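*Asks:* Here is the input, now give the coordinates:
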Amino acid sequence: MSRLRRTTTSILATGMLLTSLASASANVCNQILASLPTVRHGSIAYQYDSGNWQLLVRSHPADTAGTTKFYYILKDQARKRGMLVVKSARQTESGEAADNTISLLRLPSAEPHSESCYGGNADNPVRKGSREETVKLDGYERYHRYGDNGVSGVAKIRDFHVLYESDAPKYRSLAEGSRCIRTDNNNGSAVNGVSNRSRFSLDRGVVDRGASAARAVLATLFRPALGYEGDLKDMKIRMLPFSVSAAGIACVPFSVTGIGNHSILRVQDIDDIDGGVRRPEWRINED
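*Replies:* Predicted coordinates for the structure are as follows:
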């Protein structure tokens with residue numbers, strides 16, 4: 001079989017798979033909205049043992065041993081697309097040492113985002129596809145807090161990020177294909193001092209308020225020891241591109257293993273901006 005024929009066959013198969021995934025996601029979304037008609041934008045739903053749809057609560061979540069599929073709900077959206085970031089971990093138990101590594105999982109989009117934005121760019125999230133890497137926690141955090149490009153593993157960290165077409169309010173006046181921005185962009189994506197890059201940090205203060213330029217310069221020059229909010233294990237960052245239906249609705253799936261009272265789960269749609277402010281990161285067991 002020629003290379004052209006193999007490539008064409010691969011593209012067709014990928015297109016059929018993505019269409020199937022999008023259709024399945026729409027069906028689940030219809031089930032959730034029918035079962036929970038008053039569900040609010042920014043909620044997280046899941047099916048418990050009974051098979052009924054329930055909302056995940058921010059405090060004292062029901063224990064879900066094993067792997068559970070959750071759905072982040074978007075409603076009344078004028079956007080066509082977005083990027084969901086999911087952070088999970090668990091607090092250490094007595095006698096356990098905290099991990100010094102973090103897993104980065106990039107998941108593919110269920111529907112291709114605008115090709116006019118990417119062209120043949122290798123940073124297209126669909127072209128990049130799914131990939132998981134493990135990097136040093138210190139390097140990951142220094143990069144996302146301060147933009148330190150001299151950390152160990154920076155190539156893997158930067159490769160985790162993608163170029164995507166943003167529908168954030170500040171870009172809506174631009175033509176299709178002119179809204180390209182990286183998920184780790186710092187300057188162009190800043191909203192009220194908080195950039196895309198800072199939203200990937202594990203420091204809640206940096207996520208909520210950003211990192212000052214002066215602090216970033218000092219941290220990059222002198223690299224003081226970083227402080228963390230508690231000792232954590234099994235840290236994982238997931239990044240999921242998603243598309244919004246013509247009705248302004250999306251139910252973005254993600255899976256997490258073991259959610260309970262010692263778990264950390266933080267979820268955010270990095271383009272969800274209202275009134276010049278980014279929507280707060282959704283967190284359990286912390287707020």
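
*Asks:* Tell me which stretches of the stretch 101-250 of the chain form helices.
*Replies:* Ranges of helices in the stretch 101-250 of the chain, per DSSP state H, counting those that start in this stretch, are 115-118, 125-128, 137-146, 154-160, 204-209, 213-222.

*Asks:* How far away from the center of its chain is the third one?
*Replies:* What separates the centre of helix 137-146 from the centre of its chain is 17 Å, taken as Cα atoms, centre = their mean, to the nearest Å.

*Asks:* now the fifth one
*Replies:* Going by Cα atoms, centre = their mean, the spacing between the C-alpha centre of helix 204-209 and its chain's C-alpha centre is 16 Å.

*Asks:* contact partners of it?
*Replies:* With contact meaning Cβ atoms under 8 Å, 6 or more residues apart in numbering, helix 204-209 is reached by 144-145, 193-194, 198-199, 201, 229, 266, 268, 280-281, 283, 286. (Glycine included, C-beta is placed from N, CA and C.)

*Asks:* Give the buried residues for that helix.
*Replies:* Residues 206, 207 are the ones in helix 204-209 that count as buried (16 or more other Cβ atoms under 10 Å).

*Asks:* hang on, the earlier thing: among the contacts of helix 204-209, which one has the lowest pLDDT?
*Replies:* Lowest pLDDT within the contacts of helix 204-209 is found at residue 229 (62).

*Asks:* and which of the contacts of helix 204-209 is nearest to residue 59?
*Replies:* residue 286 (9.0 Å; Cβ to Cβ).

*Asks:* residues in contact with the closest one?
*Replies:* Contacts of residue 286 by Cβ under 8 Å, 6+ apart are 204, 264, 266.

*Asks:* can you redo the residues you listed as JSON lines with distance to residue 179?
*Replies:* Compiled in JSON lines, the contacts of residue 286 are given as follows (distance: Cβ to Cβ, whole Å):
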{"residue": "204", "distance to residue 179": "28"}
{"residue": "264", "distance to residue 179": "32"}
{"residue": "266", "distance to residue 179": "26"}
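
*Asks:* Just give me the closest of those residues to residue 242.
*Replies:* Using Cβ to Cβ, the contacts of residue 286 come closest to residue 242 at residue 266, 17.2 Å.

*Asks:* Might one say that that closest one is in contact with residue 280?
*Replies:* No: in this structure residue 266 lies outside contact range of residue 280 using Cβ atoms under 8 Å: 10.1 Å.

*Asks:* Those two: who's more crowded?
*Replies:* residue 266 (19 against 13; other Cβ atoms under 10 Å).

*Asks:* quick one: the more buried one is in a strand?
*Replies:* Yes: counting by DSSP: H, G, I helix; E, B strand; the rest coil, residue 266 is found in a strand.
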